[in-house]
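> Mind looking at a prediction? Sequence and model below.
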Amino acid sequence: MTKRNKIIYWIATAWLALGMLSTGIVQVIRMKEEVDMMTHLGYPAYFLTILGVWKLLGVIAVLVPRFPLIKEWAYAGFFFAMSGAIFSHFASGDRAMDFFGPSLLLVLTVVSWYFRPANRQLASVKS
């Protein structure tokens with residue numbers, strides 16, 4: 001892995017982890033703004049706890065060394081959660097600004113996954 005790719009990976013991964021950690025925390029503690037947003041999108045409030053806990057566990061999985069299969073699942077979960085958030089905002093007719101957060105986290109997920117070092121990949125994926 002080149003130094004450039006390592007830098008890209010760690011910058012994307014750090015921002016992804018911070019974004020998922022912060023949104024996971026506000027979802028777990030059910031901040032009023034988050035409850036209002038979930039209600040607006042048509043989801044029950046308890047869905048916040050489920051999403052928040054899985055985001056927090058995903059951050060741990062992505063940052064901790066080893067366990068490449070769990071990392072793949074975490075990246076997949078982040079991808080599904082953020083693409084689902086984008087679609088939910090679109091289906092609700094929200095403003096373009098409401099797409100920014102989930103879109104940024106989706107891009108960071110893909111960049112972090114793509115540039116991850118070989119020791120953080122499944123054996124069958126390594127080149």
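That came in fine, so what should we check first?

> top helix in this structure by residue count?
helix 3-28 (DSSP state H).

> Restrict the helix or strand that that helix is followed by to CA atoms and write it as PDB.
The first helix or strand that comes after helix 3-28 along the chain, using DSSP states H and E, is helix 32-41. Extracted in PDB, the C-alpha atoms of helix 32-41 (Å, rounded to 0.1, in the frame of the first residue of the first chain):
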ATOM      1  CA  LYS A  32     -35.600  15.600  20.000                       C
ATOM      2  CA  GLU A  33     -34.300  16.700  16.500                       C
ATOM      3  CA  GLU A  34     -33.600  13.000  15.600                       C
ATOM      4  CA  VAL A  35     -37.000  11.800  16.900                       C
ATOM      5  CA  ASP A  36     -38.600  14.600  14.900                       C
ATOM      6  CA  MET A  37     -36.700  13.600  11.700                       C
ATOM      7  CA  MET A  38     -37.500  10.000  12.100                       C
ATOM      8  CA  THR A  39     -41.200  10.800  12.500                       C
ATOM      9  CA  HIS A  40     -41.000  13.100   9.500                       C
ATOM     10  CA  LEU A  41     -39.500  10.200   7.500                       C
END
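
> Which positions within the helix or strand following helix 32-41 qualify as buried?
With elements assigned by DSSP H and E, the helix or strand that comes after helix 32-41 is helix 46-63. Buried residues in helix 46-63, counted by 16 or more other C-beta atoms under 10 Å: 48, 51-52, 54-59, 61-62. Just so you know, the C-beta spots here come from the backbone N, C-alpha and C atoms, and that holds for glycine as well.
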